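Asks: Below: sequence and its predicted model.
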Amino acid sequence: MSSLPPFVRLDAYGICLILDLRAAAAEPVYIGDPLAHGEDIAALCDVMRRGRHASQADQPAPRSLLPHAGWGHGMSPAIIVQRAGRPLILRLMLVVADLQGTHLRLVHRDDVNAVVVEIGLTITPSGLIQTTACLTNLSAEPLGLVTLASLALPLPSWASHVRRFTGRWSAEMQQHRTRLDQGEIASSSFGGRPGFVGGNWIRIESSDIGEQHGQALAAHMAWSGDHKLTVERNADGDAMLMMAARLDPGEIILEPGKSFAAPHAFFAISSTGVAALRHTFHRHTLEEVIPHAAASTPRKVHLNSWEALAFDQSLPRLVALADGAAALGVERFVLDDGWFAGRRDDTTSLGDWMVDPGIFPDGLGLLIGHVEQLGMDFGLWVEPEMVSPDSALYRTHPDWCLHVPGQPRPTQRNQLVLDLSLKPVSNHLFDTFNRLLADNTIAYLKWDHNRDLFPLVGKGYAQVKALYALLDRLRVAHPAVEIETCASGGGRVDFEILSRCSRFWPSDNNDAAERLQINAGWFDFMPMRIAGNHVGPSPNPITGRQTCMDFRAKVAMFGHMGVEADPGAMTAAERDCLAAHIALYKQWRDVIHEGRLWQLTPRDEGLFSLLAMTETKGLALIAQTRHPAHYDMPHIRFAGLDEDAVYRVLLLPSWPDGALKALSVPERYTNGIDLSGRALSHAGLSLPLQRPASAWLVSLERLDPA
């Protein structure tokens with residue numbers, strides 16, 4: 001017999017969670033700000049429960065954390081299993097609710113079908129709620145798993161809109177706000193990685209949401225493979241958010257006594273607008289996800305060779321590029337694609353990770369030594385999960401790639417995918433890169449992943465698990481080496497991969513105007529400290545847009561700054577401008593990376609205003625990307641300030657030619673203005689933003705009371 005309590009209340013780190021257990025199911029009644037210690041939980045649960053209406057089942061299905069088919073639940077089920085090829089109709093009853101500190105364990109059993117599902121809820125110190133789900137097969141027969149949701153969350157009644165973060169290559173994390181009407185908003189990926197459709201990042205909003213007002217809930221699934229996401233509202237008006245790893249039929253078969261643990265999911269809830277969610281996700285990422293060194297040490301300015309040289313590499317050209325980088329103040333030189341044997345274009349040689357003797361007759365040592373003499377450390381691009389059909393590795397081991405025996409082997413970007421679930425493959429990759437890192441002084445790897453996984457042949461889940469194991473082995477062997485996750489840009493960014501990586505590449509698109517839009521989506525979840533943000537060439541090789549160096553450099557400062565252009569191809573004025581902004585980044589990077597990030601108002605189309613603010617100092621970027629409709633833009637109003645404090649406000653050089661002439665009283669801005677937080681929050685500043693691709697840097701320093 002079950003001895004469930006009728007209700008359970010979990011309070012920790014400023015979050016209160018109340019579940020009604022009376023229907024032998026875990027039904028969320030309240031998740032949000034702390035309630036009074038003596039709150040009458042029974043009364044709250046009673047008045048929050050809806051009465052039955054005429055077209056419902058006589059005993060309506062619970063609005064639970066584990067909805068399943070067959071008992072009147074009118075939306076997608078959180079679990080689907082089958083036995084001997086036939087679907088099972090489960091009757092999972094909650095039998096255990098074990099509360100230990102900040103963790104709640106909920107055990108559900110179906111004794112007829114011999115299935116147990118355990119759900120965990122943990123309030124983390126950052127204020128995120130982590131969810132887990134684990135399925136165990138207690139029968140004497142195998143059990144086929146079709147789906148098990150990492151998160152199945154009935155949504156509160158204020159949920160009226162969904163903000164999705166979708167996109168494509170070179171246009172990631174585009175924000176789209178949709179009304180949550182009856183029906184389903186869904187997203188799935190089928191390429192063996194999260195991809196660009198944004199299915200593992202989402203925000204649910206009230207109609208009146210803003211930076212510091214309104215209610216919102218943001219969620220993320222920490223999984224580096226395929227996903228399924230649904231937000232659904234039924235005819236009764238109930239809404240449900242569900243996130244799960246997408247599995248192919250037959251991919252997960254549980255033998256008797258075996259278990260499957262779904263990827264972790266995370267969500268946060270706010271009654272004070274979007275900023276509180278952003279700060280919670282940033283805090284969790286920095287304190288509980290990324291490697292400690294990435295969260296605690298200054299982020300070095302990079303120069304990556306790709307958009308400077310691409311495959312046209314030689315030792316003299318690389319040495320000259322390194323010299324130009326050092327003269328700008330760059331701190332890390334990264335050699336991108338083209339350094340290994342036979343790699344002169346993208347049609348060949350992936351998998352043959354040996355230094356090309358035609359470029360480096362004595363290995364990488366001479367270039368690395370030169371880079372280090374210039375005061376920089378050395379990084380290297382790699383793409384370990386892929387293989388070119390035209391490579392020694394493929395010719396030696398043609399069956400090491402994902403393939404269907406007897407069927408064609410379709411390529412993407414002229415490459416195939418190595419089957420990491422095969423031990424000889426993972427062992428070979430570990431040995432290869434372990435040797436590369438042991439033989440050379442390499443501080444950083446840009447780990448790329450430029451191809452969807454097809455055909456998956458039922459190995460998508462195993463492939464991701466094998467990737468984690470490979471990264472873990474390399475990190476144990478070389479703990480000081482930093483790794484960046486890149487997948488054609490932002491195609492694989494999640495908490496699980498970031499627990500092994502110090503940086504992510506938001507997009508292959510370095511066009512500053514496009515990056516502002518892309519980064520706006522990423523920064524709602526990810527801190528600027530770990531988001532690579534580079535100054536590219538002009539015209540931009542992807543968009544063709546021409547922009548001045550001042551604009552490109554100012555935008556690149558707000559992230560982990562880098563350069564992806566040839567200093568030798570710049571004018572002297574451009575080099576001076578870039579060097580000045582790199583010096584400014586070094587001066588301000590502690591504030592940029594440690595301060596809370598606020599979006600400023602107004603948020604008009606083409607206008608991007610953000611502020612990184614510590615207790616005492618702040619730096620704001622105000623940038624205009626399009627030709628505005630009016631000469632006079634609305635005043636920029638600041639968030640995140642103490643309204644009773646006084647701040648000294650400065651416009652930081654360098655300034656574009658003629659920019660100061662457009663200010664009403666230039667010396668007010670350049671000498672410094674002392675204004676209260678209340679004035680800056682409610683009145684604001686007037687800044688000239690009449691031209692596309694114009695940007696200002698505004699510093700704020702809190703003044704001590706006289």
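Replies: Perfect, I can see it now. Given the structure is predicted, the values throughout are model-derived calculations rather than measurements.
Asks: C-alpha only now, for contacts and for neighbours.
Replies: Fine.
Asks: elements contacting the longest helix belonging to the chain?
Replies: Longest helix in the chain by number of residues (criterion: DSSP state H): helix 572-594. When contacts are defined as 3 or more C-alpha pairs under 8 Å, 6 or more residues apart in numbering; DSSP states H and E, helix 572-594 packs onto helix 315-328, helix 549-557, strand 607-613, strand 617-624.
Asks: Check which residues of that helix are buried.
Replies: 574-575, 577-582, 584-586, 588-594 (16 or more other C-alpha atoms under 10 Å).
Asks: can you give me the helices in the stretch 601-706 of the chain?
Replies: All helices of the stretch 601-706 of the chain, identified by DSSP state H, counting those that start in this stretch, fall at 666-671, 677-682.
Asks: What average pLDDT does stretch 201-215 get?
Replies: The pLDDT scores in stretch 201-215 average 97.
Asks: who's in contact with it?
Replies: Stretch 201-215 has contacts (C-alpha atoms under 8 Å, 6 or more residues apart in numbering) with 158-165, 216-221, 269-276, 598-599.
Asks: The same query, at a cut-off of 6 Å, please.
Replies: Stretch 201-215 has contacts (C-alpha atoms under 6 Å, 6 or more residues apart in numbering) with 158-164, 216-220, 270-275.
Asks: go on, stretch 392-402?
Replies: Outside stretch 392-402, the residues that reach it (C-alpha under 6 Å, 6+ apart) are 351, 417-419.
Asks: Could you check how many residues crowd around the closest residue to Phe523 other than its chain neighbours?
Replies: Sequence neighbours aside, Arg278 is the residue nearest to Phe523 in space, at 7.5 Å (criterion: C-alpha to C-alpha, 6 or more residues apart in numbering). By other C-alpha atoms under 10 Å, the residues close to Arg278 number 23.
Asks: Doesn't Arg278 belong to a helix?
Replies: Yes. Assessed by DSSP: H, G, I helix; E, B strand; the rest coil, Arg278 belongs to a helix.
Asks: what's the weakest-modelled helix or strand in the chain?
Replies: None of the helices or strands of the chain scores lower by mean pLDDT, DSSP states H and E than helix 666-671, at a mean of 89.
Asks: buried stuff in that one?
Replies: Applying 16+ other C-alpha under 10 Å to helix 666-671 flags Tyr669 as buried.
Asks: what's the answer for stretch 76-84, then?
Replies: Here stretch 76-84 shows 76-82 as buried, counting by 16+ other C-alpha under 10 Å.
Asks: I would like the residues contacting it, please.
Replies: Counting by C-alpha under 6 Å, 6+ apart, 66-69, 87-88, 143-149 sit against stretch 76-84.
Asks: And the average pLDDT for that stretch is what?
Replies: 96.
Asks: go on, stretch 499-512?
Replies: So the average pLDDT for stretch 499-512 ends up being 98.
Asks: try stretch 326-339
Replies: Stretch 326-339 comes out at a mean pLDDT of 98.
Asks: what does stretch 9-21 give?
Replies: On average, stretch 9-21 scores 98.
Asks: re earlier: report the separation between the residue nearest to Phe523 and Phe165.
Replies: 14 Å (C-alpha to C-alpha, to the nearest Å).
Asks: swap in Ile79?
Replies: From Ile79 over to Phe165 (counting by C-alpha to C-alpha), the distance is 25 Å.
Asks: rewinding a little: which of the contacts of stretch 76-84 fall within strands?
Replies: 87, 143-149 (DSSP state E).
Asks: Redo these as a markdown table? Include neighbour count.
Replies: Compiled in a markdown table, those are given as follows (neighbours: other C-alpha atoms under 10 Å):
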| residue | neighbour count |
| --- | --- |
| Pro87 | 14 |
| Leu143 | 28 |
| Gly144 | 23 |
| Leu145 | 22 |
| Val146 | 19 |
| Thr147 | 20 |
| Leu148 | 27 |
| Ala149 | 28 |
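Asks: how about TSV for the residues you listed, with pLDDT added?
Replies: Converted to TSV, the ones in strands among the contacts of stretch 76-84 look like this (pLDDT from 0 to 100):
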residue	pLDDT
Pro87	93
Leu143	98
Gly144	98
Leu145	98
Val146	97
Thr147	98
Leu148	98
Ala149	98
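Asks: nearest to Trp696, of these?
Replies: Ala149 (45.1 Å; C-alpha to C-alpha).
Asks: What is the burial count for the closest residue to that closest one other than its chain neighbours?
Replies: With sequence-adjacent residues excluded and distances taken as C-alpha to C-alpha, 6+ apart, Ala149 is closest to Ala244, at 4.3 Å. Ala244: 28 surrounding residues under other C-alpha under 10 Å.
Asks: so where do the helices sit in the stretch 451-600 of the chain?
Replies: 460-477, 495-498, 512-523, 549-557, 572-594.
Asks: For Tyr647, find the nearest of those helices.
Replies: Comparing the helices of the stretch 451-600 of the chain by C-alpha to C-alpha, helix 572-594 comes nearest, at 15.5 Å.
Asks: any idea how far that closest one is from the chain center?
Replies: Here the centre of helix 572-594 is set off from its chain's centre by 25 Å, with C-alpha atoms, centre = their mean, to the nearest Å.
Asks: neighbouring contacts of it?
Replies: Counting by C-alpha under 6 Å, 6+ apart, 328, 529, 549, 557, 612 sit against helix 572-594.
Asks: could you dump that helix to PDB, C-alpha only?
Replies: Included here for helix 572-594 are C-alpha records, laid out as PDB according to Å, rounded to 0.1, in the frame of the first residue of the first chain:
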ATOM      1  CA  ALA A 572      46.400  51.700 -40.700                       C
ATOM      2  CA  ALA A 573      43.300  53.600 -39.400                       C
ATOM      3  CA  GLU A 574      41.400  50.300 -39.100                       C
ATOM      4  CA  ARG A 575      44.200  48.600 -37.200                       C
ATOM      5  CA  ASP A 576      44.500  51.500 -34.800                       C
ATOM      6  CA  CYS A 577      40.700  51.500 -34.200                       C
ATOM      7  CA  LEU A 578      40.700  47.700 -33.600                       C
ATOM      8  CA  ALA A 579      43.700  47.800 -31.300                       C
ATOM      9  CA  ALA A 580      42.000  50.600 -29.300                       C
ATOM     10  CA  HIS A 581      38.900  48.500 -28.900                       C
ATOM     11  CA  ILE A 582      40.900  45.400 -27.900                       C
ATOM     12  CA  ALA A 583      42.600  47.500 -25.200                       C
ATOM     13  CA  LEU A 584      39.200  48.700 -24.100                       C
ATOM     14  CA  TYR A 585      37.900  45.100 -24.000                       C
ATOM     15  CA  LYS A 586      40.800  44.100 -21.700                       C
ATOM     16  CA  GLN A 587      40.000  47.100 -19.500                       C
ATOM     17  CA  TRP A 588      36.300  46.300 -19.200                       C
ATOM     18  CA  ARG A 589      36.100  42.500 -19.700                       C
ATOM     19  CA  ASP A 590      35.700  41.900 -16.000                       C
ATOM     20  CA  VAL A 591      32.600  44.100 -16.000                       C
ATOM     21  CA  ILE A 592      31.300  42.700 -19.300                       C
ATOM     22  CA  HIS A 593      31.700  39.100 -18.100                       C
ATOM     23  CA  GLU A 594      30.800  39.500 -14.400                       C
END
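Asks: Now do it and helix 315-328, the angle between them.
Replies: 70 degrees (axes from the mean of the first three to the mean of the last three C-alpha atoms, to 10 degrees).
Asks: as a whole number, average confidence for helix 572-594?
Replies: pLDDT averaged over helix 572-594 gives 98.
Asks: One more: stretch 371-382?
Replies: So the average pLDDT for stretch 371-382 ends up being 98.
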